[in-house]
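Following is a predicted model, sequence given first.
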Amino acid sequence: MSYGDALPSLTAVDLSVAKGEFVSIVGPSGCGKSTLLRLVAGLRKATSGQLTVDGSEPGNSQTKAAFVFQEPNLLPWRTVAGNVRLPLELDRASEASNKALSKADSQALVERTTQLVGLSPEDTAKRPSELSGGMRMRVSLARALVTDPDIMLLDEPFAALDDILRQQLNEELQRLWWSNRWTGLFVTHNVSEAVFLSQRVLVMSRAPGTILESIDVPFSFPRTPRLRADPEFAQLTGIVSRHLRRAADLAGADKASAEVSDTEGIT
Amino acid sequence: MPDTSKSNLTQVMRAVAPPLILLVVLLSFWQFSVWWFDLKPFLVPSPVRVASAAVSTFGKLAAATKVSAAAALAGFAASLIAGVVIAFFFSQSRLIRISCYPYAIFLQTVPIVAIAPLVINWFGSGFRSIVIITFVISLFPIITSTTTGMLAVDPELLDLFRLNRASRWQIWLKLRLPNAVPHLITGARTSSGLSVVGALVGEYFAGFGVNDYGLGFLIGRNTSQMRTDELFAAVIASTLLGITIFGAVSIVGAFILNRWYDTK
């Protein structure tokens, strides 16, 4: 199974995200949210239009992007520490000697990062099969964070988790973002999650895949679980939900084929 | 805990007892038929006769089994190494894969008894030819299973490796190869059984050692000399050899899967 031609296409996505901003993208299935993330990561090429990451093409830029998938996608034959270390191993060989980490340095970095995402030192020696779903997602987060990325691309990372776990990991992710201030692009189906995490929520529609609405989320950081009980929070999720509903209704109407265009300025 | 060990024993007994009882019944029936129909020993020897032949020629039988085991294991090991190397090239290029695959299938389809004399023509009669025949018959399952495993990589994991600017070699070594291990184990189980077949067929054609011969040669000689009781004993020894090699590979495989892979 490959993505191949089955990718949803994007039309007229005109969007710019500031450095250090956390933006969520919500939209009906097949609107091209995931495609957008993969374009930013440089994993897919846009057929037309322009997309820049820190002023250059996604694949070539000096900006480091990290990706967190919906599935934890851990390598079962590696321990937790081995999985978190993976990007460092790959980076070391490709970027010659000037940025190479010593073995001790990389081990320290792996330890620090696993602690950061709330894993205990004993967990690092375990294999993914010994961990719960929530723990595996923490490992997946650690694997992304270990490279000290400039941009974090998160593709529905908590979709498979139950609600309590999802809320906990939302809080952790928010804390991680607030202390490191990477640029965050977060795709989700969950409106409450989007509002809780983001400075801005984008609502996308399907066919044509485009950005319908951009909603600012004014709540100050760091945010606490109590925010979810705030009437203003409820009001805002209501607004986002309404736009999302409109996007879903639109999706039924027109199914013209479209291409990526005007994908602009992610800086 | 005595309780669980007792129930374990009952479980083992439940699994083992029915086929054992059937074996005893069949052996008795066989023994009885030989006596009742007065079958000639060179046609059908009785189980008792086979057993006594096995005991009296035990030294010869054990030595031949050892020679066959060495040939089977050498050919099997060579097919493992060559199979993984070939799968490496198959996984790296679609062109190589589609160009070579028909010949790999040809190699699998051509009857081993047809090419065995040819191999002996080329490489002489002896251990080397036998190992080559074993290698040829064991190779195909390793190639196909390992190639499949190297190609059946989760596309998201490939994305992850590419995002981290992994080289082709790193993708192969750290993703495709470990991903192929469970497939390789499946192929190796098939090949381990085939390797014994290959060794015996090879020896049947080429095993002309005076003192150093394998089970295949022994089977051929016993057949031509109408020593059917010794033939039966040699057949049983070959079967045991096959089961042992297959069992050992299965145990090693199960251990690897248990230790490094999610086997639920």
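Done, it's in. Numbers count the residues shown, from 1 in each chain, chains lettered A, B, ... in the order given.

Can you list the low-confidence ranges for the stretch 101-250 of chain B?
In the prediction, the stretch 101-250 of chain B carries residues with pLDDT under 70 at positions B:207-211.

Can you pull the residues of it lying near chain A?
Along the stretch 101-250 of chain B, the residues adjacent to chain A under the rule C-beta under 8 Å from any C-beta of the partner chain are B:154-157, B:159-167, B:170, B:174-175, B:178, B:181. The way it works is simple: take the backbone N, C-alpha and C, and place the C-beta from them, glycine included.

Apply 6 Å and report the result again.
Counting by C-beta under 6 Å from any C-beta of the partner chain, the residues of the stretch 101-250 of chain B close to chain A are B:155-157, B:159, B:163-166, B:170, B:178.

what's the pLDDT at A:Gly32?
What the model reports as pLDDT for A:Gly32 is 77.

In whichever helix or strand A:Gly238 is part of, which residues are buried?
In this structure, A:Gly238 is located in helix A:231-253 according to DSSP states H and E. Residues of helix A:231-253 classed as buried under the neighbour-count rule (16 or more other C-beta atoms under 10 Å in any protein chain shown) are A:233, A:236-237, A:240, A:243-244, A:247-248, A:250-251.

Kindly reformat the residues you listed as JSON lines containing pLDDT.
As requested, the buried residues of helix A:231-253 are exported to JSON lines (pLDDT from 0 to 100):
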{"residue": "A:Phe233", "pLDDT": "92"}
{"residue": "A:Leu236", "pLDDT": "93"}
{"residue": "A:Thr237", "pLDDT": "92"}
{"residue": "A:Val240", "pLDDT": "92"}
{"residue": "A:His243", "pLDDT": "90"}
{"residue": "A:Leu244", "pLDDT": "88"}
{"residue": "A:Ala247", "pLDDT": "82"}
{"residue": "A:Ala248", "pLDDT": "80"}
{"residue": "A:Leu250", "pLDDT": "72"}
{"residue": "A:Ala251", "pLDDT": "59"}
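
got the CA positions of stretch A:18-28 in PDB?
Extracted in PDB, the C-alpha atoms of stretch A:18-28 (Å, rounded to 0.1, in the frame of the first residue of the first chain):
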ATOM      1  CA  ALA A  18       4.800  32.200  11.700                       C
ATOM      2  CA  LYS A  19       7.900  30.800  13.300                       C
ATOM      3  CA  GLY A  20       7.100  29.400  16.800                       C
ATOM      4  CA  GLU A  21       3.400  29.400  16.100                       C
ATOM      5  CA  PHE A  22       1.200  26.500  17.000                       C
ATOM      6  CA  VAL A  23      -1.600  26.000  14.400                       C
ATOM      7  CA  SER A  24      -4.100  23.200  14.200                       C
ATOM      8  CA  ILE A  25      -5.800  22.000  11.100                       C
ATOM      9  CA  VAL A  26      -9.300  20.400  11.300                       C
ATOM     10  CA  GLY A  27     -11.400  19.200   8.400                       C
ATOM     11  CA  PRO A  28     -13.400  16.400   7.000                       C
END
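
Now stretch A:64-72: average pLDDT?
Mean pLDDT, stretch A:64-72: 91.

gap between the two ends of it?
20 Å (C-alpha to C-alpha, to the nearest Å).

Next: stretch B:35-47.
First-to-last distance for stretch B:35-47 - C-alpha to C-alpha - comes to 11 Å.

what's the pLDDT at B:Thr4?
B:Thr4 carries a pLDDT value of 55.

all helices for the stretch 151-267 of chain A, in order.
A:163-180, A:191-197, A:231-253 (DSSP state H, counting those that start in this stretch).

what sits up against the first one?
Contact partners of helix A:163-180, identified using C-beta atoms under 6 Å, 6 or more residues apart in numbering or on different chains, comprise A:22, A:134, A:158, A:184, A:193, A:196-197, A:221-223.

Reformat the residues you listed as CSV; add pLDDT.
As requested, the contacts of helix A:163-180 are arranged in CSV below (pLDDT from 0 to 100):
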residue, pLDDT
A:Phe22, 93
A:Gly134, 89
A:Phe158, 91
A:Gly184, 92
A:Glu193, 92
A:Phe196, 94
A:Leu197, 93
A:Phe221, 83
A:Pro222, 86
A:Arg223, 89
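
mind listing what's buried in stretch B:146-156?
With burial defined by 16+ other C-beta under 10 Å, the residues of stretch B:146-156 counted as buried are B:146-151, B:153, B:156.

ditto for stretch A:115-134
Of the residues in stretch A:115-134, those buried by neighbour count under the rule 16+ other C-beta under 10 Å are A:116-119, A:123-124, A:126-128, A:131, A:134.

show me which of these neighbour chain B.
With C-beta under 6 Å from any C-beta as the criterion, the subset of those in contact with chain B is empty.

And the residues you listed, which two are furthest apart?
When these are compared pair by pair using C-beta to C-beta, the two farthest from each other are A:Leu116 and A:Arg127, 20.8 Å apart.

Just read off the phi/psi values of the residue in the stretch 101-250 of chain A that chain B sits nearest to.
Nearest residue of the stretch 101-250 of chain A to chain B: A:Ser129, at 4.2 Å (C-beta to the nearest C-beta). According to degrees, to the nearest 10, the main-chain angles of A:Ser129 amount to phi -70, psi -20.
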